[in-house]
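Asker: Sharing a sequence plus its predicted fold:
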Amino acid sequence: MRWNQYYLFTTREVPKDAEVVSHQLMIRTCMIRKVAAGIYSYLPLGWRSIRKLEAIVRREMERAGSVELSMPAIHPAELWRESGRWDVYGHLLLRMKDRHDRDFCFGPTHEEVVTDIVRRDVKSYRQLPLNLYQIQTKFRDEIRPRFGLMRGREFIMKDAYTFHASQESLDSAYEAMREAYCRVFEACGLEYSMVEADSGTIGGASSHEFMVLADTGEDAIVRSPSGSYAANVERATIGALAASAATDPEPLTEVDTPGKTSVAQVAEFLDRPVEQFVKTLIYETEKEYVAVLVRGDREVNEVKLTNHLDCRHLGLAREAKVVELTGAPLGFAGPIGLADEVRVLADATVRPLVNFVCGANAADRHYTGANWDRDVSVDEWADLLLAAAGDPSPDGDGPLELHRGIEVGHIFDLGIKYSKAMECTYTDERGESQPMLMGCYGLGIGRTVAAAVEQNHDEDGMIWPVPLAPFEALVLSLDPDDEAVARGAAGGQVQGRRSAGDPGPGRRRRPGPRRGQGGSVATARS
RNA sequence: CGGGGCGUAGCUCAGCCUGGUAGAGCGCACGGUUCGGGUCCGUGAGGCCGGAGGUUCAAAUCCUCUCGCCCCGACCA
């Protein structure tokens, strides 16, 4: 293909709304063009990369025993009401009405539709297991779309769903899909990591995410040195922290801490280490107020907290409410003497503390020498800690490293969440009706291409992994006035190669700019 | 949804505070020049200043409303 016959108009200027490199470069190289917030056209060059990735994904899905189908983008509300997600999914669901005033939504994922298909056709354990996938455009009305294809509203995703009569069957499909995902990302030449994940609103028992490692990633993950443990920080647990030396209990003492509202300030003022502090944070959910105790130098993991409380909305309580519940201004909350309505949760890592410091629920006052049971009663102990770099790995494999990652794939063991709600059942060997076990497996197509750019570029442009490069070679004639070179040599080279050719005669081009842009068009760079 | 910002040429932006014939660079067209890594010179085309209303002799500029977009936060695969 000759460049001047192709639809390829590169630009030098960086569009002002493009923040991350992949977005900037994909706009500049004419791969994508924005149509509305979070909605893009895939121009020919970008579509080539998308199609190449899709081919890899199809190959690996088929190898893993998945069968391709295509489901509608528009879903009737009834299906979503059946699963209960019409209400749960909230504003992420783009809703619409047809001419008869019936409710529909643009599918953000297809558990409901695929479950509806399977429940009509499949009646017996003899027909299971089944593994179906599609590559299709989805829409999620993100609160804040950004970063080009990395977080669009309309996006292309490969989603697969499996149906089983036993956990063993689901486990083996899950494993097969896990391997397929690894093969896909390896085939793309990407540096990635599979991590344990929180399952979010999709729900289900276990789940793993596939993260492409890149500094601009929106997710944080921790990994042990050998990689034997890896998890999204939303879910990461840690090994036991070093215990402080045992000392005899001190008396509980209320001390003045005028104007010292942060742990760091109080620690300095009292000359005590921050590890010796218990920090009290007041959270509110749609149903209750909760005090969460963590070590002074640590942060609360709000995803773990949300899961533990089984609530829909969670946030730090408003200042006025904190004052009401603690009887003190912000900065002096503590677990001793809180209002009765407050449920007290403590992170397990503060359990070994002896003679700790905490807020006294009075202005400018803290306690020292506080101890569990004698002074402080806790309603529940739980793992509520946000893992940090340097924490011991839970499997004993040394200190955890912190990385940024782009979530390009997510696989879930759904259990019977959807099959039970939607009565997708089969008859087992004993003639009894059972809900099918399900798995679901997503892979972001556009996001993976964007992630490949995030991970492979320099100051001049993209350095494509060959399997995803739109073109593999770019032929340039360096003497634009030489007709023989332009038509003959370059033209001949272009034949039979999957490459982009020089514009050739016509408006004369200098080799410089073409080279600069060419690197992003084809993969070869020197 | 809360906070902040931006809509002026195809792109990136200046002009707005202090109202008075709409600008630059890049890109584009034409001519010349140069010729192995983003040449140089000249000429030219191109804008209902996001939209509506208001104030004014006069509005890109001031006021009101509206639409779109971006950033931070809450949220999220």
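Answerer: That came through fine.
Asker: Who's the closest spatial neighbour of residue A:294, skipping the chain neighbours?
Answerer: Spatial nearest neighbour of residue A:294, chain neighbours left out: residue A:347 (4.6 Å); criterion: C-beta to C-beta, 6 or more residues apart in numbering. Heads up, the C-betas are built off the backbone N, CA and C, glycines and all.
Asker: could you show me where the helices are in the stretch 401-526 of chain A, in order?
Answerer: Listed in chain order, the helices of the stretch 401-526 of chain A (DSSP state H, counting those that start in this stretch) span A:417-421, A:445-455, A:483, A:491-494, A:511-521.
Asker: what number of residues lie near residue A:458?
Answerer: Counted with other C-beta atoms under 10 Å, residues neighbouring residue A:458 total 10.
Asker: how about the nearest residue to residue A:311 once chain neighbours are set aside, what does it touch?
Answerer: Leaving out its chain neighbours, the residue that sits closest to residue A:311 by C-beta to C-beta, 6+ apart is residue A:285, at 3.8 Å. Going by C-beta atoms under 8 Å, 6 or more residues apart in numbering, residue A:285 touches A:309, A:311, A:312, A:313, A:314.
Asker: Pull up the per-residue confidence for residue A:285.
Answerer: Looking at residue A:285, its pLDDT reads 80.
Asker: gap between it and residue A:316?
Answerer: 11 Å (C-beta to C-beta, to the nearest Å).
Asker: who's the residue nearest the centre of chain A bridged to?
Answerer: Among the residues of chain A, the one closest to the centroid is residue A:407, at 4.2 Å (C-alpha atoms, centre = their mean). Taking DSSP bridges as the rule, residue A:407 bridges to residue A:211.
Asker: Below-threshold pLDDT in the stretch 201-350 of chain A: ranges please.
Answerer: A:201-205, A:243-246 (pLDDT under 70).
Asker: what ranges do the helices span in it?
Answerer: A:263-270, A:302-309, A:319-326.
Asker: among these, which is nearest RNA strand B?
Answerer: Nearest of the helices of the stretch 201-350 of chain A to RNA strand B, taken as C-beta to the nearest atom of the strand: helix A:302-309 at 6.2 Å.
Asker: How about that closest one and RNA strand B, any contact?
Answerer: Yes - Helix A:302-309 reaches RNA strand B (C-beta under 7 Å from any atom of the strand) through residue A:302.
Asker: Would you mind putting the CA coordinates of that helix into PDB?
Answerer: The C-alpha trace of helix A:302-309 is given here as PDB (Å, rounded to 0.1, in the frame of the first residue of the first chain):
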ATOM      1  CA  GLU A 302     -11.700   1.100  51.100                       C
ATOM      2  CA  VAL A 303     -12.400  -1.700  48.700                       C
ATOM      3  CA  LYS A 304     -11.900  -4.300  51.500                       C
ATOM      4  CA  LEU A 305     -13.900  -2.100  53.800                       C
ATOM      5  CA  THR A 306     -16.800  -1.900  51.300                       C
ATOM      6  CA  ASN A 307     -16.700  -5.700  50.900                       C
ATOM      7  CA  HIS A 308     -16.600  -6.300  54.600                       C
ATOM      8  CA  LEU A 309     -19.500  -3.900  55.300                       C
END
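Asker: name the helices or strands packed onto it?
Answerer: The contact analysis (3 or more C-beta pairs under 8 Å, 6 or more residues apart in numbering; DSSP states H and E) places helix A:302-309 against strand A:289-295, strand A:314-316.
Asker: Residues contacting the shortest one, please?
Answerer: Contacts to strand A:314-316, defined as C-beta under 8 Å, 6+ apart, come from residues A:281, A:282, A:283, A:284, A:285, A:302, A:305, A:306.
Asker: low-confidence ranges in chain A?
Answerer: By pLDDT under 70, the weakly predicted segments of chain A are A:199-205, A:243-246, A:476-526.
Asker: sorry, back to before: of all the contacts of strand A:314-316, which two lie farthest apart?
Answerer: A:282 and A:306 (15.4 Å; C-beta to C-beta).
Asker: Those two: who's more crowded?
Answerer: residue A:282 (23 against 17).
Asker: beta partners for that one?
Answerer: Taking DSSP bridges as the rule, residue A:282 bridges to residue A:291.
Asker: Surely it is in contact with residue A:288?
Answerer: No - applying C-beta atoms under 8 Å, one finds residue A:282 not in contact with residue A:288, separated by 11.2 Å.
Asker: Now do the shared contacts for those two.
Answerer: Joint contacts of residue A:282 and residue A:288 (C-beta under 8 Å, 6+ apart) do not exist.
Asker: number of nearby residues for the residue of the stretch 301-450 of chain A at minimum distance from RNA strand B?
Answerer: Nearest to RNA strand B, among the residues of the stretch 301-450 of chain A, is residue A:410, at 3.8 Å (C-beta to the nearest atom of the strand). For residue A:410, the neighbour count with other C-beta under 10 Å is 22.
Asker: now residue A:269
Answerer: Residues near residue A:269, counting by other C-beta under 10 Å: 15.
Asker: Who is residue A:106 paired with across the strands?
Answerer: Beta-bridge partners, per DSSP bridges, of residue A:106: residue A:74, residue A:94.
Asker: Mind listing what's buried along stretch A:349-366?
Answerer: A:349-350, A:353-362, A:364-366 (16 or more other C-beta atoms under 10 Å).
Asker: Check the separation of the first and last residues in it.
Answerer: 21 Å (C-alpha to C-alpha, to the nearest Å).
Asker: how does chain A divide into domains?
Answerer: Structurally, chain A divides into domains by automatic domain parsing as follows: A:3-12+A:471-521, A:31-212+A:406-453, A:253-382.
Asker: Redo those as CSV? Include distance to residue A:238.
Answerer: Putting these into CSV (distance: least, C-beta to C-beta, whole Å) gives the following:
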stretch, distance to residue A:238
domain A:3-12+A:471-521, 42
domain A:31-212+A:406-453, 13
domain A:253-382, 8
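Asker: Now do stretch A:114-123: distance to the chain's middle.
Answerer: 29 Å (C-alpha atoms, centre = their mean, to the nearest Å).
Asker: What count of nearby residues applies to residue A:289?
Answerer: For residue A:289, using other C-beta under 10 Å, the count is 18.
Asker: Now for it: which residues touch it?
Answerer: A:282, A:283, A:317, A:321, A:325, A:339, A:341, A:342, A:343.
Asker: which among those end up buried?
Answerer: Among the contacts of residue A:289, those classed as buried by 16+ other C-beta under 10 Å are A:282, A:283, A:317, A:325, A:342, A:343.
Asker: okay but residue A:151 is in contact with residue A:216, surely?
Answerer: No - using C-beta under 8 Å, residue A:151 is not in contact with residue A:216; the gap is 11.2 Å.
Asker: gap between the residue nearest to residue A:294 and residue A:292?
Answerer: For residue A:347, the distance to residue A:292 - C-beta to C-beta - is 7 Å.
Asker: who touches both of the two?
Answerer: By C-beta under 8 Å, 6+ apart, the residues touching both residue A:347 and residue A:292 are A:300, A:384.
Asker: Tell me where the stretch 51-200 of chain A has helices.
Answerer: Using DSSP H, counting those that start in this stretch, helices in the stretch 51-200 of chain A cover A:77-83, A:85-88, A:111-121, A:167-187.
Asker: Show the secondary-structure elements that the shortest one is packed against.
Answerer: Meaning helix A:85-88. helix A:77-83.
Asker: Show residues contacting the helix it packs on.
Answerer: Contacts of helix A:77-83 (C-beta under 8 Å, 6+ apart): A:86-87, A:89, A:93, A:95, A:102-105, A:111-113, A:115-116, A:418, A:421-422.
Asker: Over to stretch A:103-113?
Answerer: So stretch A:103-113 is contacted by A:71-77, A:79-80, A:82-83, A:85-86, A:89, A:92-98, A:134, A:136, A:138-140, A:159, A:161, A:202, A:414, A:418, A:422, A:438, A:440, A:442 (C-beta under 8 Å, 6+ apart).
Asker: go with 7 Å
Answerer: For stretch A:103-113, contacts defined as C-beta atoms under 7 Å, 6 or more residues apart in numbering pick out A:71-77, A:79-80, A:83, A:92-98, A:138-140, A:159, A:161, A:418, A:440.
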